[in-house]
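[1] How does the following fold in three dimensions:
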Amino acid sequence: VQLVESGGGLVQAGGFLRLSCAASGSTFSLNAMGWYRQAPGKQRELVAAISSGGGSTNYADSVKGRFTISRDNAKNTMYLQMNSLKTEDTAVYYCNAGGTYFTDSYLFHPDNWGQGTQVTVSS
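    This next block holds a predicted model:
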(Lines give C-alpha, C1' and ligand atoms only; values in the text may rest on other atoms or scores of the structure.)
Protein backbone atom coordinates (compact mmCIF):
# COMPACT_ATOMS: atom_id res chain seq x y z
CA VAL A 1 0.00 0.00 0.00
CA GLN A 2 1.18 3.52 -0.79
CA LEU A 3 0.34 6.37 1.56
CA VAL A 4 0.60 10.09 0.86
CA GLU A 5 0.08 12.67 3.59
CA SER A 6 -0.86 16.29 2.97
CA GLY A 7 -2.22 19.28 4.83
CA GLY A 8 0.70 20.19 7.04
CA GLY A 9 1.95 23.73 7.40
CA LEU A 10 2.72 26.63 9.71
CA VAL A 11 0.00 27.78 12.06
CA GLN A 12 -0.20 29.91 15.19
CA ALA A 13 -0.97 28.40 18.53
CA GLY A 14 -4.71 28.01 18.96
CA GLY A 15 -5.19 27.48 15.25
CA PHE A 16 -6.18 24.40 13.32
CA LEU A 17 -5.08 22.15 10.49
CA ARG A 18 -6.56 19.14 8.74
CA LEU A 19 -4.22 16.41 7.62
CA SER A 20 -5.11 13.89 4.94
CA CYS A 21 -3.64 10.50 4.16
CA ALA A 22 -4.51 9.14 0.73
CA ALA A 23 -3.97 5.43 0.23
CA SER A 24 -3.70 3.30 -2.83
CA GLY A 25 -5.07 -0.20 -3.13
CA SER A 26 -8.44 -1.86 -3.05
CA THR A 27 -8.03 -3.17 0.48
CA PHE A 28 -8.10 0.24 2.18
CA SER A 29 -11.37 -0.44 3.96
CA LEU A 30 -9.93 -3.61 5.49
CA ASN A 31 -7.08 -1.81 7.22
CA ALA A 32 -6.95 -0.21 10.59
CA MET A 33 -4.88 2.97 10.41
CA GLY A 34 -3.05 5.39 12.62
CA TRP A 35 -1.42 8.79 12.77
CA TYR A 36 2.00 9.11 14.35
CA ARG A 37 4.24 12.10 14.90
CA GLN A 38 7.91 12.65 15.51
CA ALA A 39 9.36 15.82 16.94
CA PRO A 40 13.08 16.64 16.65
CA GLY A 41 15.11 14.56 19.06
CA LYS A 42 12.12 12.50 20.14
CA GLN A 43 10.77 9.07 19.33
CA ARG A 44 7.87 8.60 16.98
CA GLU A 45 4.64 8.45 18.98
CA LEU A 46 1.10 7.36 18.29
CA VAL A 47 -1.33 10.25 18.04
CA ALA A 48 -4.57 8.56 17.04
CA ALA A 49 -5.86 5.38 15.45
CA ILE A 50 -9.03 4.22 13.78
CA SER A 51 -10.51 0.81 13.11
CA SER A 52 -11.06 -0.47 9.59
CA GLY A 53 -14.71 0.51 9.49
CA GLY A 54 -14.18 3.77 11.32
CA GLY A 55 -16.45 2.87 14.20
CA SER A 56 -13.76 2.86 16.84
CA THR A 57 -11.01 5.36 17.55
CA ASN A 58 -8.41 6.03 20.18
CA TYR A 59 -6.18 8.98 21.01
CA ALA A 60 -3.05 9.86 22.89
CA ASP A 61 -3.87 11.67 26.11
CA SER A 62 -2.02 14.75 24.86
CA VAL A 63 -4.46 15.28 21.98
CA LYS A 64 -7.77 14.06 23.41
CA GLY A 65 -10.48 16.64 22.98
CA ARG A 66 -8.44 18.58 20.39
CA PHE A 67 -7.82 16.11 17.55
CA THR A 68 -10.32 14.00 15.63
CA ILE A 69 -9.40 11.07 13.42
CA SER A 70 -11.76 9.93 10.69
CA ARG A 71 -11.77 8.08 7.40
CA ASP A 72 -13.70 7.94 4.18
CA ASN A 73 -13.38 4.43 2.79
CA ALA A 74 -15.06 5.44 -0.47
CA LYS A 75 -12.20 7.90 -1.04
CA ASN A 76 -9.44 5.73 0.42
CA THR A 77 -8.53 8.63 2.66
CA MET A 78 -7.94 9.11 6.37
CA TYR A 79 -8.02 12.48 8.10
CA LEU A 80 -6.75 14.14 11.25
CA GLN A 81 -8.56 17.30 12.26
CA MET A 82 -6.31 19.19 14.66
CA ASN A 83 -7.84 22.04 16.66
CA SER A 84 -6.48 24.23 19.44
CA LEU A 85 -2.96 23.51 18.31
CA LYS A 86 -0.11 23.96 20.75
CA THR A 87 3.58 24.56 20.15
CA GLU A 88 4.25 21.06 21.46
CA ASP A 89 2.24 19.63 18.56
CA THR A 90 5.07 20.66 16.24
CA ALA A 91 6.34 17.52 14.52
CA VAL A 92 6.38 15.54 11.31
CA TYR A 93 3.13 13.63 11.10
CA TYR A 94 3.01 10.20 9.47
CA CYS A 95 0.17 7.88 8.61
CA ASN A 96 0.37 4.13 8.89
CA ALA A 97 -1.92 1.45 7.52
CA GLY A 98 -2.52 -2.21 8.10
CA GLY A 99 -1.43 -2.35 11.68
CA THR A 100 -3.26 -3.94 14.58
CA TYR A 101 -5.98 -1.92 16.24
CA PHE A 102 -6.60 -2.19 19.96
CA THR A 103 -9.20 -0.44 22.07
CA ASP A 104 -6.61 1.92 23.53
CA SER A 105 -3.69 1.62 21.13
CA TYR A 106 -2.47 0.67 17.68
CA LEU A 107 0.52 -1.38 16.65
CA PHE A 108 1.94 -0.03 13.41
CA HIS A 109 2.69 -2.05 10.32
CA PRO A 110 6.44 -1.68 9.74
CA ASP A 111 6.22 -1.50 5.94
CA ASN A 112 3.30 0.88 5.43
CA TRP A 113 4.33 4.46 6.14
CA GLY A 114 3.77 7.67 4.29
CA GLN A 115 6.52 10.22 3.70
CA GLY A 116 5.28 12.54 6.42
CA THR A 117 3.99 16.09 6.51
CA GLN A 118 5.47 18.86 8.64
CA VAL A 119 3.29 20.64 11.17
CA THR A 120 4.78 23.70 12.83
CA VAL A 121 2.90 25.59 15.52
CA SER A 122 4.28 28.99 16.43
CA SER A 123 3.68 30.83 19.67
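[2] How is the residue nearest the centre of the chain assigned, secondary-structure-wise?
    By C-alpha atoms, centre = their mean, the chain has its centre lying nearest to residue 35, at 2.4 Å. With DSSP: H, G, I helix; E, B strand; the rest coil as the basis, residue 35 sits in strand.
[3] Wait, it touches residue 21, no?
    Yes. With contact defined as C-beta atoms under 8 Å, residue 35 reaches residue 21; the gap is 7.5 Å. Placement of C-beta: from N, CA and C, glycine included.
[4] and for the two, which residues touch both?
    78, 80, 95 (C-beta atoms under 8 Å, 6 or more residues apart in numbering).
[5] For stretch 23-39, give the distance from the opening residue to the closing one.
    24 Å (C-alpha to C-alpha, to the nearest Å).
[6] Check which residues of the longest strand along the chain are buried.
    Criterion DSSP state E: the longest strand present in the chain is strand 91-102. By 16 or more other C-beta atoms under 10 Å, the buried positions in strand 91-102 come out as 91, 92, 93, 94, 95, 96, 97, 98, 99, 101.
[7] Show me which of the residues you listed is closest to residue 120.
    Nearest to residue 120 among the buried residues of strand 91-102 is residue 91, at 8.8 Å by C-beta to C-beta.
[8] if we can go back for a sec, want to try TSV for the shared contacts of residue 35 and residue 21, with distance to residue 54 as columns?
    TSV is the format used below for these (distance: C-beta to C-beta, whole Å):
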residue	distance to residue 54
78	9
80	13
95	15
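[9] export those to JSON lines and tack on distance to residue 109 and pLDDT?
    Listed next are the shared contacts of residue 35 and residue 21 as JSON lines, based on distance: C-beta to C-beta, whole Å; pLDDT from 0 to 100:
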{"residue": "78", "distance to residue 109": "14", "pLDDT": "97"}
{"residue": "80", "distance to residue 109": "18", "pLDDT": "98"}
{"residue": "95", "distance to residue 109": "11", "pLDDT": "97"}
